[in-house]
Structure formats: C-alpha cells, structure tokens
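Peer 1: quick one: sequence plus predicted model below, questions after.
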Amino acid sequence: MASDPTLSPAEPAIAKPLEPWEQPEVEAAYRVLEDKVRSYRPSDDLGPLRRAFEQAAYWHRTRKRASGEPYILHPIAVSTILAEEQMDMVCLQTGLLHDVVEDEDVSAEEIRRLFGDEVAAVVDGVTKLGKLKLASREERQAESLRKMLLAMTSDIRVIIVKLADRMHNLLTLDSLSRERQERIAHETLDIYVPIAHRLGMGRIRAQLEDNAFKYQDPEAFAEIMRQLESQRQANEGYLEQIKQAVETKLARENIPVRVFGRLKRPYSIYQKMKRQKIGMDQVYDLLAIRIITDSVKNCYAALGVIHNEWRPIMGRIKDFIAIPRPNLYQSLHTSVFGPGGHSFEVQIRTEEMHRIAEEGIAAHWKYKEGRRGATDDDQRIAWLRHLVEWQKEMSDSQAFLSTLKVELYSEEVYCFTPKGRVIVLPREACPIDFAYAIHSDVGHTCVGAKVNGRIVPLKYQLRNGDVVEILTQQNHTPSKDWLALVKTSRARNKIRHFINATERAKAIEIGQKYLEKEARRLGIQLNRIARGKLESVAGEYGHSKMEDLYAALGFGRFSARHILHLLAPDQVSDEAEPVKSAPAPAAPPTSIPGADGDLVIKVKGIDDVLVYRAKCCNPIRGEGIVGYVTRGKGIAVHSTNCKNVQNLLYESERRIDVEWARAVAEKFSVKLMVYTEDRPGMLHEITSIFYNESTNIRSVEARIDSKRTGDSAVIDLTCEVRDKRQLEKILAAIRRISGVRDVERVL
Ligand code: MN
C-alpha cells in the first residue's frame, strides 16, 4: 500500500519493510558484481542486469542458504564469477536467475516473458542439469548427461553458467555435512572438471579441481599445502631467478615476452604423486615458467634460446602448436635442468593461445565491444562442430560417461570406429585389441590398421580420440606373435582359442590320415571295423571321442600302428616301434622368399645367426617353417608340421620367425618309401620320373615286404628336390604308376 507522495505531501513516510534486494549485504554484493561488469562494459546500460537481480531477489526472498545468509547471495556470486570471465549479458542474467525455476517454482514461461527467449532457454538448461544426481547410479547419470550435452550444443552458455554455479558451491561447502561435501567434490572431479577440460576452460578447470580436491581428500590436500608452504620462499626465489634469466636472454634476441613463474597446482601434484608413486620432492615439474610472446615464430625462437641455455629433459618436449590438443589448447612444453640442477617446466605460447588455454570455449561467448568479428564466428562454429561430433560418438550412455571421465581415468583409452562408435580399451592397447573388440572375425582377419587415416603398424599404441579403421583380408588368420602385442584379455583369449583350435584341427586331420594310411599299408580295412570298437580303443587312452584320439595321433603321442594293433591284434603285431611322425598334409606355404642373402633360411630381421634344418623333419623349400632357439646350437628350423614342433610350440618364447631366403640352386635331400606290387619294370618307371624332373636319385633300394604277401615290395630311395612343389609333383607322379600302393616321405 504505497502512498503517493504527490497526493499527500504532508503525510510522514511510513517505515516500509526493505525490499529483498535492499538488504545491505545483498546490495553490497550486487555492487561488487556491477563494478566488475562496469570494468569491461563501461558504457553499457546495466538496467537488464539490475532487473534480473531484483526479480531473482524477490523470488528467493524467503529462502536462506545453509549458512543462514539470504539465498540471493549465491546467484549474485555466480553472476560475479561469470563477470570475471567477462561473459555476455545473457550469461550474467542467467547467473542471477539460475535457481528460480528449480527452487521457487517459477515457470520457464514467466522467465521468457520477463527476460526473453535466450535467458529462458539457458535458465531452463541449467535447471535440468541441477536435477541430475550425478554421484548416484551411473546409467541414469549418463542418460541425463547426454541431455545436458544436447543443451550444451544448442547453447554452450548453459554449461558455462553451470560451471560457475558449481564453483561457488565448492567455495561454500563448509556449512554442509561431510557426506555432502564428499559427494559434491566427487561429482565435480568426475563430471564437471572433465567437461571444463574438454571445453578448454583451463582457468575454471583448475579452480574446480583444487577446490574439490580439498574436500575429496582433506588430509592429502593439507599435506601438499604444508609442503608447498615450507618450500615457498625457496621456490619463489628460484622462480624469480629463472624468470629474470629468461627475460634477459630473450630480450637480447629481441623476442618480446611476458614471463610468469608458477607452481604446479595442488591437485596436479597430488595426481602425479599418486600416479607415479613418488614423493613431492620427486615431482620435477613442480616449478614452471610460462612465456607469452607475440608470434608463433617467436615461440619456437624462445624454445631454442631456452634449450641453448639449459639442457632439456628427454621426452618432455611437446609441440602442441603444431598438433593442438582436441580442446584446441596450443603451447610448446619442455622441461629443462636449470641452475643448480633443479628441473622446471617451460610453457611457451602466444597471447591468443594463452587466452584460449585459459578460457577455452568461453572465449567465444565473451562480451566484446562492437560486432563480433568473422573469425570469432568461425571459431564458434568450429567449437560447435567439435561438440556435435563428440556427441555423435556417444553411442550409449555408458560410453558417454566414460568419455567424460577420460582424463581422470587414464588407465583407459577411448578410440572410435570410423562410424563413431566408442571402443574403450586399456592403456597401451594396439589395433589388434581394437579389432577383437569390434568382432572376433574382424580380429581374426585383421592385417593392418589405419589410425586417423594413416596406416600404422599393428604394434601401434592407441591414444585417446584415435579413429581406428581395421584392414581385414579374407582367410587371414591370427598369428601367435599377436599374443605379445595385445593388452585385452578378450583379444588374448580369442587368439589363443583360434590357434589351439587350428592346431587341433590340423592334428585331427593329420592323425586321421596317418591312421588310414597306416591301415592301408598294413592291409587293414578301417571301414570294416565297428565304430564302437574304435571308440572303445579311444576310451582306453582316455579320449572320449575319436577326434581326440586322432588329435593325439596327429600330435605324435602314439603311433598309428599301435592303435591298429589294438583294433586288429591278429593282423598287426605291436612292435615297440618308435613313434612315427605323420605325413605332411598339403598346407599352404606360409613362408616368404627372402629379399637378399645367399642363406637358404634366414631369421626374420636378423643375419648372421647359426641356422640349421632340423633332422627330424628335414624341411624343404616351400614348406611352412618355424625356428626354435636351441640351447647352444643355434636355431633349429622345423617344418611347421613336424611333430616335435607341435610340442615345442608350447614354449612360445623360444619360437622365432624364419623364412626361406632368396632362391639359390640348393637341393634338398628327401627320403621316400614306395609301397608297390612286386612287378618287373617298376623300378625303371619310378626312376624315370626323377629323370624327367632332372633331379638326382642318390640311392635306391628295393626289397620284398616281408610282412606282406608275396607280391609286395618296398622301395627306399633318397632323392634331391628343389622345393616342396617339386616334391609334391614327384609324389603325385609316383602314385599314378599302376601298381604303386602308396608313397610317403620318411622323416
Ligand atoms: Mn545454484
């Protein structure tokens, strides 16, 4: 019931209750905000700011903070933080109004009516974020966070205001319970810090981090602060000394610079100590200087001067100017041994890079005099595109949350398929891990990989954000060597399983052929023997299936003759004959001809090692071969089908890749055994095959097969062949001779 003084001037003024915005502490806080805004917008009409303030104060008029203060002090503080970042009027108004929808049931419609579409939309976005209970169930967090991201891409100011809100909350945690302090600290480090980092907002990120750290682990924080304090004088003195040295040297080279000495932030120190399990005295980049100059050229020039003066630490030079970080951060980093042998870090950047590093995306929403420049709009668009891509990559909530946690959970790397699916892998994972993470078939047939469009070796260590394309080839199979490269148990298991399965399949095939051949040779018709009988023999050896028995035969665990004796004791005597190795199946050659050298066989990538062909299998050119490091006798080269190798393979660390070297006129001697009818002219027909192949027979001996009926003969011969191909041709030709029952290579 305000009286109109113009109507009744004589009436004494009634002591009207103070409006919510008129309380002295509130008014004072608002003055601070206004002054801050004035400092960068000296001639602007601050009416809209005042209106937002008064309206918010009115809506919050009955509410108090946990500390007992009027609630409006919080929105004013948030808006003040935004003013420190020199944000635009929409941000500032939103800062003041950000809690009214959530806390005071003011409708979005009302805000739109009073403050316009933009402010209403940003307040709405912030309100939605406020409803998220990020420290609770992960799935729901991620779902909501995605919505948040949607809001971000439509208006990034939502996130900027939210970060300012969170910052002020952290500064006023003391009046809350320990439990809530911990929850808020955790949530900040898990969710908001990575977002600030992703958006390149270095300054806000740093403040959020250090303030959250204080509540997350109060003891560690106190300890680091105590140590920093105790070294402060020494550190400051040292930094001042370096700073002056740098300034002098750069001035001499006519490089204009501003130099700042700085200490590593408490949370960075904490993380480093934890990650590397070291004490604070071992954190070598505790001290740092930052050099800001006028041009990219002078950044590199300054780096040269620094390195000329102090010895750089290996592996610490990073060129984020040539290769900016995904959040557009640019700088040159190096660490050097300074005076007195103390190391310190140096960051070198231009003014513009510095601004981006400190403000990140917010730089593009800052208030500016006059119109925005074209480049600024381009930058904004670049940022938004970046964010949209980021968002598209999130195929599911879990992956999204993981991505937000990228920096904190650095034991993992996050890579993308070309279609944008996120693949989470352990650190140091390689493209093979990636391939198996997609599908085991992709893994099995993987022959190479492209990372960010470039071909990389399979041992390449994947990095966050890599876009990985797996190159596959049909019929390609995993290599045992992959086991040394992969980091995921999934890939390891799949590779092992595949190798075991193929080895077993091979062994089964070999075992079965071996048994059939031996049966044929001994005149036993296997198909006349009841399946049940076979299975019971298998059972005697502890194998429940015939397959298992074949595999055991294939691996050379017992001889086929021994099994045949059990099947047909009247036809086969069970001599204590040595384990006979199985005939080689026609496997595709896996060896590659070497490019140089006269050696017949060479170890991949190494020359000058003692290599010899193993006597047990005597491999010939064209056969798959594998090297085995013997104790003191050099490298024995076996045929991959050799029964000994099948056993040796399990000692995988002694296995070594070998290959046939460039073709040289070397002949391999091979022993054959031919089972034939005893008829005239047979020997002549056989020897003429060798004549036609223009290769030598070194020795030949025919004898009557004493174990068989009268018309059987066995011919033992030793011949020379060029390679596996020629041997196969000869074997096939011998088999075609009428009366030849079988021929086999004797190992
Ligand atoms: Mn708030």
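Peer 2: Sure thing, it's come through. This structure is a prediction, so every number in the text was calculated from the model and none was measured.
Peer 1: tell me the first helix or strand C-terminal of the host helix or strand of Ala713.
Peer 2: Counting by DSSP states H and E, the element that carries Ala713 is strand 712-721. Next along the chain after strand 712-721, taking DSSP H and E as the criterion, comes helix 724-736.
Peer 1: quick check: neighbours of the helix or strand just after that next one in the sheet, parallel or antiparallel?
Peer 2: Counting by DSSP H and E, the next helix or strand C-terminal to helix 724-736 is strand 740-746. Here strand 740-746 has these sheet partners by DSSP bridges: strand 668-677 (antiparallel).
Peer 1: now the strand it pairs with: buried residues?
Peer 2: Phe668, Val670, Leu672, Val674, Tyr675, Thr676 (16 or more other Cβ atoms under 10 Å). For the C-beta atoms, the positions are set from N, CA and C on the backbone; glycine is no exception.
Peer 1: could you give me the average pLDDT of it?
Peer 2: Average pLDDT, strand 668-677: 88.
Peer 1: how distant is that strand from the center of its chain?
Peer 2: Taking Cα atoms, centre = their mean, to the nearest Å, one finds the center of strand 668-677 at 55 Å from the center of the full chain.
Peer 1: still on that earlier bit, just the closest of the buried residues of strand 668-677 to the ion, please.
Peer 2: Distances from the ion to the buried residues of strand 668-677, taken as Cβ to the ion, are shortest for Phe668 (83.3 Å).
Peer 1: for that closest one, what are its contacts?
Peer 2: If you count contacts by Cβ atoms under 8 Å, 6 or more residues apart in numbering, Phe668 has them with Asn618, Ile620, Arg621, Glu720, Val721, Arg722, Asp723.
Peer 1: just checking, what's the longest helix in this protein?
Peer 2: Determined from DSSP state H, the single longest helix within the chain is helix 218-252.
Peer 1: I'd like to know which elements that one is packed against.
Peer 2: Judged by 3 or more Cβ pairs under 8 Å, 6 or more residues apart in numbering; DSSP states H and E, the packing partners of helix 218-252 are helix 202-216, strand 257-263, helix 266-276, strand 287-293, helix 296-309, strand 343-350.
Peer 1: as JSON lines, those with mean pLDDT would be great.
Peer 2: What follows is the helices and strands packed on helix 218-252, written out as JSON lines (pLDDT from 0 to 100):
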{"stretch": "helix 202-216", "mean pLDDT": "91"}
{"stretch": "strand 257-263", "mean pLDDT": "90"}
{"stretch": "helix 266-276", "mean pLDDT": "88"}
{"stretch": "strand 287-293", "mean pLDDT": "93"}
{"stretch": "helix 296-309", "mean pLDDT": "93"}
{"stretch": "strand 343-350", "mean pLDDT": "92"}
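Peer 1: phi, psi of Cys642?
Peer 2: Here is the backbone geometry of Cys642 (degrees, to the nearest 10): phi -60, psi 140.
Peer 1: roughly how far does Val101 sit from the ion?
Peer 2: Distance of Val101 to the ion, given as Cβ to the ion, to the nearest Å: 11 Å.
Peer 1: now do the SS call for Glu659.
Peer 2: Put simply, Glu659 is strand when judged by DSSP: H, G, I helix; E, B strand; the rest coil.
Peer 1: just list whatever residues bridge to it.
Peer 2: With DSSP bridges as the rule, Glu659 is bridged to Lys602.
Peer 1: around the ion, which positions in the protein sit nearby?
Peer 2: Taking Cβ under 5 Å from the ion as the measure of proximity, the chain contacts the ion at Asp99, Asp165.
Peer 1: hmm, 6 Å instead?
Peer 2: Contact residues (Cβ under 6 Å from the ion) of the chain with the ion: His74, His98, Asp99, Asp165.
Peer 1: select from those the one having the most neighbours.
Peer 2: Greatest neighbour count in the residues of the chain next to the ion, by other Cβ atoms under 10 Å, goes to His98: 28 neighbours.
Peer 1: surely that residue touches Val78?
Peer 2: Yes: between His98 and Val78 there is a contact under Cβ atoms under 8 Å: 6.5 Å.
Peer 1: what touches both of these two?
Peer 2: Residues touching both His98 and Val78 (Cβ under 8 Å, 6+ apart): Val161, Asp165.
Peer 1: and the closest residue to the ion within the stretch 201-350 of the chain, how far is that from Arg355?
Peer 2: Taking Cβ to the ion, the ion has its nearest neighbour within the stretch 201-350 of the chain at Leu208, 14.5 Å off. Leu208 sits 19 Å away from Arg355, going by Cβ to Cβ, to the nearest Å.
Peer 1: who has more neighbours, the two?
Peer 2: The neighbour comparison of Leu208 against Arg355 (other Cβ under 10 Å) goes to Leu208, with 24 against 14.
Peer 1: distance of Val257 relative to Val336?
Peer 2: Applying Cβ to Cβ, the value for Val257 to Val336 is 16 Å.
Peer 1: next: Pro17.
Peer 2: Pro17 sits 65 Å away from Val336, going by Cβ to Cβ.
Peer 1: which of these two has more neighbours?
Peer 2: Ranked by neighbour count (other Cβ under 10 Å), Pro17 and Val336 place Val336 first, with 19 against 7.
Peer 1: which residues are contacting the one helix or strand the more buried one maps to?
Peer 2: Val336 belongs to strand 332-337 when assigned by DSSP H and E. Outside strand 332-337, the residues within contact range by Cβ under 8 Å, 6+ apart are 284-285, 299-300, 303, 306-307, 309-313, 316-321, 343-349.
Peer 1: partners of that strand in the sheet?
Peer 2: Strand pairing for strand 332-337, using DSSP bridges, gives strand 311-312 (antiparallel), strand 318-319 (antiparallel), strand 343-350 (antiparallel).
Peer 1: single out the most deeply packed of those.
Peer 2: Across these, averaging neighbours per residue (mean count of other Cβ atoms under 10 Å) puts strand 343-350 on top, at a mean of 22.
Peer 1: the following helix or strand past that one packs against which elements?
Peer 2: Past strand 343-350, further along toward the C-terminus, the next helix or strand under DSSP H and E is helix 351-359. Counting contacts by 3+ Cβ pairs under 8 Å, 6+ apart, helix 351-359 packs against helix 202-216, strand 287-293.
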